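> Fold the stuff below for me.
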Amino acid sequence: MMKKQVVVTGAAGFIGGHLLERLINDGFDCTGIDDMSAGHPELLPQHVQDRIIQYDFAHEEFLKIVSDADVIYHLAAIPRVSYSVEEPHKTFITNVQKTEALLNAILKSKARLVFASSSSVYGNTINLPTPESDVGLFKQMSPYAMQKLMCEMLIKMYSNLYNLDAVSLRFFNVFGPRQLGSSAYAQAIAAWLTAIHEKTSLRSDGDGTQLRDMCFVSNVVDALVLAGEFNQKFSGETFNVGTGNKISNNQILEILKNRYGDLNITHAPVRAGDVAATHADISNIESVLNYKPQISTTQGIDLTANWYDSHYKAKEL
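Take a look at the predicted model:
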């Protein structure tokens, strides 16, 4: 039996790197693509780095590679809600226009598309846990959220019109090892662990009661692989990917205090585009794809902190 040929866009990024490593270790014939504008290939094992080609995912040379693929995992994007508020046009070009070019290239092949969407499409919903059906027009609170929804709609239309085999996975709040926290747009756990190890203050937005479905990265990789390997054709369906549980920012800070002692916390206003709560209803992906999160949020925080401890210790040597 021939190995499946798979392509991962955004392969030097946080989630993309974990996915590419898993696929290589599972024996797939893999090609990773990343323009290196935000990726960190140096954090990946060498055998994973060796599979990554530096290309924009809408470059014509990359689009030729698509024709030979069996599965394309499209994770490349300009992420972060707050950055999209500052740069709506720049993020639209990459997140929507270039994705549409990729869709057109996939139509010339028989590849399956697994698209990385976001729970931000739900906006500031009060329906918790949130089912896939809760998404609606004009509820999105940031350009990033609207861009992800536009891509989902394009994918669904292409599936209906052109028989595209495609599925969208709505990631909730993903965290884990190799997620760096030095950027102003960094995810909270990564930002806080970075601040702890660099002995700077931890920025906490709002009153800390915001609730998040924090999903460890290996759970997300499991969902991606399950979608890529599903034995039935997709028609633009969407699935939530989370834990089905929620935790507050204050609770996360307490976990970090128990591990590291007193923290220097600086309070700041809520960032534009942020929502009060995320909490995934994962019953759909559980029943259809047999997805089950294996790592709890508290286990994941411990594993992530272990990586940060090792990472900073190595930097000191």
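
> Which elements pack onto the helix or strand where His89 lies?
According to DSSP states H and E, His89 maps onto helix 88-92. Contact here means 3 or more Cβ pairs under 8 Å, 6 or more residues apart in numbering; DSSP states H and E; on that basis helix 88-92 packs against helix 143-162. No exception for glycine: its C-beta is placed from N, CA and C like everyone else's.

> in the helix it packs on, what counts as buried?
Using 16 or more other Cβ atoms under 10 Å as the test for burial, helix 143-162 gives 143-152, 154-156, 158-159.

> Just the residues contacting that helix, thanks.
78-81, 83-85, 88, 91-92, 95-96, 99-100, 103, 107, 113, 115, 117-118, 120-121, 123, 135, 140, 164-166, 168, 234-236, 238, 273 (Cβ atoms under 8 Å, 6 or more residues apart in numbering).

> Averaged pLDDT, the helix holding His89. What do you get?
Average pLDDT, helix 88-92: 97.

> Flag every buried residue along the next helix or strand after it.
Next along the chain after helix 88-92, taking DSSP H and E as the criterion, comes helix 98-107. By neighbour count on 16+ other Cβ under 10 Å, the buried set for helix 98-107 is Lys98, Thr99, Leu102, Leu103, Ala105, Ile106, Leu107.

> okay, those residues in JSON lines with distance to Asn250 and pLDDT next?
Shown next, in JSON lines, are the buried residues of helix 98-107 (distance: Cβ to Cβ, whole Å; pLDDT from 0 to 100):
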{"residue": "Lys98", "distance to Asn250": "38", "pLDDT": "96"}
{"residue": "Thr99", "distance to Asn250": "36", "pLDDT": "97"}
{"residue": "Leu102", "distance to Asn250": "40", "pLDDT": "95"}
{"residue": "Leu103", "distance to Asn250": "41", "pLDDT": "95"}
{"residue": "Ala105", "distance to Asn250": "46", "pLDDT": "93"}
{"residue": "Ile106", "distance to Asn250": "43", "pLDDT": "94"}
{"residue": "Leu107", "distance to Asn250": "47", "pLDDT": "92"}
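
> which one of these is nearest Glu60?
Ala105 (9.0 Å; Cβ to Cβ).

> distance of the closest one from Leu113?
10 Å (Cβ to Cβ, to the nearest Å).

> all helices of the stretch 101-250 of the chain, in order?
With DSSP state H, counting those that start in this stretch, the ranges of helices along the stretch 101-250 of the chain come out as 143-162, 188-198, 217-229, 249-260.
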